[in-house]
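> just to be clear, the model below is a prediction. Sequence and coordinates:
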Amino acid sequence: EIEMTLYEALAQHLLVGSSHNGEIQIIDGKFPLRISYSDFAKKSFATAWYFKSKGLSKGSYAVIQTPSVLDFLFAFWGSILVGAIPVPVAYSNDSQKNEKLESILKTLGKGFVLGDTITYSHKNFHHININLPDICDYEISDVVSLSLPTEIAYIQFSSGSTNSPTGVCLTHADVLEHVKNFTKSTATTNSDKYLSWMPLSHDFGLVAMHIVPLVLGLDQSIINTNLFVARPTILLETAAREKSTFLSMTNFACEYVVTHAKRHDAAIDLRSIRVFFNGAEPINRKTMNDFSAFVERKGARQNAMTPAYGLAQATLVVCNIAPDVKPNWQSVDFMSYEIGKPVRFLHCNESISSTIDVVSVGQEIDGVNVSICDGFGKDLPSGFLGYIWIKGTSVAERIVTEKGLVEHLHDGWLNTGDIGFSHENHFYITGRDSDLIKYRGSHLFSNDLELMVSNLLGISLAKVVVVASHFNGEERLICFVKSTKTNDEFAKEIIPFFNR
């Protein structure tokens, strides 16, 4: 049974004889920290008492920015318990140029900033250091401000927010309804153990990899993102040690882990893993297959890779491949892309220079409806390229902008700004509207062009960026590549490709 508010989801772990006896493991340095859900809940209530003594109250915005996993978790739940509205923000160690934080504070207007050494100029925000108190004597009724399921639980700003950010207002009902549907779509059971390296300021890290296992009372391990970036092999090493079953992945992480693991190929046992949940960015078929082949040699089951598609406006997941089902893809001609027109599918023996393999992200999870529409919002048939619209029980109804809280749905439907197509009851994501390049009559996605260049040169996709520009009144494609080759060697390879 899923609780109705996040307060109830956490408070369940205080109950005597609770069946939820899992733990959180935080890998934030040399020695991992383990804390039971019961102790975590007690400490969260103590943190709430401390925050309330500093003036944090119901309805206040509580902007959280800290590099510490532990501090973030207590700041988030302490804010929830006093009825404040947590606003996770990615940590920046550049105190002089924390542009995203400044723009978010401007959007929210006033509130509190929770963190340690944070520099900002907005005068309507009060700073609270996250000094975690020892367990102290307090009455829960003196600490907690109960919320209704329909009230805002927290606000998720998109990772790309800069000058004029938009925050997604997620209610307690949105989040907990999504927990229920996510649990079903991933076939999660009480024997699962979650392992994540994703930032908690990101909806993938916060919802899928922390809130879901906390609500269900499952063991979870969280690796500090900076530690993962410094030593990516720690992910699979931890999975083997903890017998983890459910791991967060992205296309970047798949490539990054395999590249480094091959240099330090250790004998690890990954037989416990049943799901690599892969989302948050476009999924490259080759990268996905290379990663799957690598981990299967270490004992991971076949078809553990689970591609997914989601966004903050839907709380998190919209579609995913069912666990233990082999991921599918379609080979298409990306030069055929045009909104409202059919996508050209290629036969198995057909190969052209503009071939791209688009990975299926499966079917809608319970509680979400997806429609592919033309530029006027009209439904398109299967196989036609269009905008992705969503509707559902965990789709946020409101956003916050500099104009305040705004209703942003159209008869319950949201235009995600993403583009894709359906085929044989599966959905395929081709890119975002903001990444669409209209070049000499063709509709091209920058990620498709970047993939072609990376394949041609045999380099990492992370080392290629393609943009469109105008030069002397003429449309141009500009490709930035990080290469170790000489200018002459590089030119011989790349120029013929772009001439085509």
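Looks like it arrived, so ask away.
> C-alpha only now, for contacts and for neighbours.
Noted.
> quick one: end-to-end distance for stretch 176-194.
18 Å (Cα to Cα, to the nearest Å).
> which of the residues in that stretch are classified as buried?
Residues of stretch 176-194 classed as buried: 176-183, 185-186, 188, 192-194 (neighbour count, 16 or more other Cα atoms under 10 Å).
> any chance of JSON lines for those, columns secondary structure, distance to H122 and pLDDT?
Putting the buried residues of stretch 176-194 into JSON lines (DSSP: H, G, I helix; E, B strand; the rest coil; distance: Cα to Cα, whole Å; pLDDT from 0 to 100) gives the following:
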{"residue": "L176", "secondary structure": "helix", "distance to H122": "33", "pLDDT": "94"}
{"residue": "E177", "secondary structure": "helix", "distance to H122": "35", "pLDDT": "94"}
{"residue": "H178", "secondary structure": "helix", "distance to H122": "34", "pLDDT": "95"}
{"residue": "V179", "secondary structure": "helix", "distance to H122": "35", "pLDDT": "95"}
{"residue": "K180", "secondary structure": "helix", "distance to H122": "39", "pLDDT": "94"}
{"residue": "N181", "secondary structure": "helix", "distance to H122": "39", "pLDDT": "95"}
{"residue": "F182", "secondary structure": "helix", "distance to H122": "38", "pLDDT": "95"}
{"residue": "T183", "secondary structure": "helix", "distance to H122": "40", "pLDDT": "95"}
{"residue": "S185", "secondary structure": "helix", "distance to H122": "42", "pLDDT": "94"}
{"residue": "T186", "secondary structure": "coil", "distance to H122": "42", "pLDDT": "95"}
{"residue": "T188", "secondary structure": "coil", "distance to H122": "43", "pLDDT": "95"}
{"residue": "D192", "secondary structure": "coil", "distance to H122": "43", "pLDDT": "96"}
{"residue": "K193", "secondary structure": "strand", "distance to H122": "41", "pLDDT": "97"}
{"residue": "Y194", "secondary structure": "strand", "distance to H122": "38", "pLDDT": "97"}
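> dump those residues into CSV; add distance to D448 as well.
Converted to CSV, those look like this (distance: Cα to Cα, whole Å):
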residue, distance to D448
L176, 36
E177, 35
H178, 31
V179, 33
K180, 35
N181, 32
F182, 30
T183, 32
S185, 29
T186, 29
T188, 33
D192, 36
K193, 35
Y194, 32
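> can you name the two of these that are farthest apart?
Greatest spacing in the buried residues of stretch 176-194, by Cα to Cα: E177 and K193 (20.9 Å).
> elements contacting the longest helix seen in the chain?
Secondary structure of the chain per DSSP state H: the longest helix is helix 37-53. Here helix 37-53 touches helix 69-81, helix 140-143, going by 3 or more Cα pairs under 8 Å, 6 or more residues apart in numbering; DSSP states H and E.
> switch to 6 Å and redo it
Contacts defined by 3 or more Cα pairs under 6 Å, 6 or more residues apart in numbering; DSSP states H and E place helix 37-53 against helix 69-81.
> between helix 37-53 and the helix it packs on, find me the angle.
Angle, helix 69-81 to helix 37-53, by axes from the mean of the first three to the mean of the last three Cα atoms, to 10 degrees: 70 degrees.
> give me the contacts around helix 69-81.
Identification of contacts with helix 69-81 by Cα atoms under 6 Å, 6 or more residues apart in numbering yields 7, 44, 47-48, 86, 144.
> would you map the helices across the stretch 401-500 of the chain?
446-457, 487-499 (DSSP state H, counting those that start in this stretch).
> who are the packing partners of the first one?
Right, the one you point to is helix 446-457. Secondary structure elements in contact with helix 446-457, counted by 3+ Cα pairs under 6 Å, 6+ apart, are strand 464-471.
> between the strand it packs on and helix 446-457, how big is the angle?
120 degrees.
> alpha carbons of strand 464-471, in CSV - could you do that?
The C-alpha coordinates for strand 464-471 follow below in CSV (Å, rounded to 0.1, in the frame of the first residue of the first chain):
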residue,chain,number,x,y,z
VAL,A,464,31.5,15.5,-30.8
VAL,A,465,29.1,18.5,-30.9
VAL,A,466,27.2,19.6,-34.1
VAL,A,467,25.3,22.9,-34.3
ALA,A,468,23.7,25.0,-37.1
SER,A,469,24.6,28.6,-37.9
HIS,A,470,24.5,31.2,-40.6
PHE,A,471,27.6,32.5,-42.2
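> give the rounded mean pLDDT of that strand.
For strand 464-471, mean pLDDT is 78.
> what is it packed up against?
Judged by 3+ Cα pairs under 6 Å, 6+ apart, strand 464-471 is in contact with helix 446-457, strand 474-481.
> returning to what we had before: farthest pair within the contacts of helix 69-81?
Taking Cα to Cα, no two of these sit farther apart than P86 and V144, at 14.8 Å.
> most packed of the helices of the stretch 401-500 of the chain?
Counting by mean count of other Cα atoms under 10 Å, helix 446-457 has the highest mean neighbour count of those, with a mean of 18.
> contacts for that one, please.
435, 460-461, 464, 466.
> that helix: how far from the chain's middle?
Helix 446-457 has its C-alpha centroid displaced from the chain centroid by 23 Å (Cα atoms, centre = their mean, to the nearest Å).
> likewise for stretch 192-209?
With Cα atoms, centre = their mean, you get 8 Å for stretch 192-209.
> what residue ranges in the stretch 201-350 of the chain score low on pLDDT?
264-265 (pLDDT under 70).
> that one: helices as residue ranges?
Along the stretch 201-350 of the chain, the stretches classed as helices by DSSP H, counting those that start in this stretch are 203, 212-216, 225-230, 234-242, 251-263, 285-297.
> the second one - contacts with which helices or strands?
The contact analysis (3+ Cα pairs under 6 Å, 6+ apart) places helix 212-216 against no helix or strand.
> can you list contacts of it?
Here helix 212-216 has contacts from 9, 179, using Cα under 6 Å, 6+ apart.
> for the remainder of this discussion, apply numbering that starts at 736.
OK, 736 is where the count begins now, so the last one is helix 947-951.
> list the buried ones in it?
By 16+ other Cα under 10 Å, the buried positions in helix 947-951 come out as 947-951.
> same deal with the third one?
Buried residues in helix 960-965, counted by 16+ other Cα under 10 Å: 960, 962-963.
> what number of residues lie near the nearest residue to R1211 once chain neighbours are set aside?
The shortest distance from R1211 to any non-neighbouring residue, by Cα to Cα, 6 or more residues apart in numbering, is to S1204 (5.3 Å). Applying other Cα atoms under 10 Å, we find 12 residues neighbouring S1204.
> surely S1204 touches I1213?
No: the criterion here is Cα atoms under 6 Å, and S1204 misses it with I1213 at 7.1 Å.
> rebuild the helices and strands packed on strand 1199-1206 as JSON lines, extending it with distance to I799 and mean pLDDT.
Below are the helices and strands packed on strand 1199-1206 laid out as JSON lines (distance: least, Cα to Cα, whole Å; pLDDT from 0 to 100):
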{"stretch": "helix 1181-1192", "distance to I799": "32", "mean pLDDT": "76"}
{"stretch": "strand 1209-1216", "distance to I799": "35", "mean pLDDT": "79"}
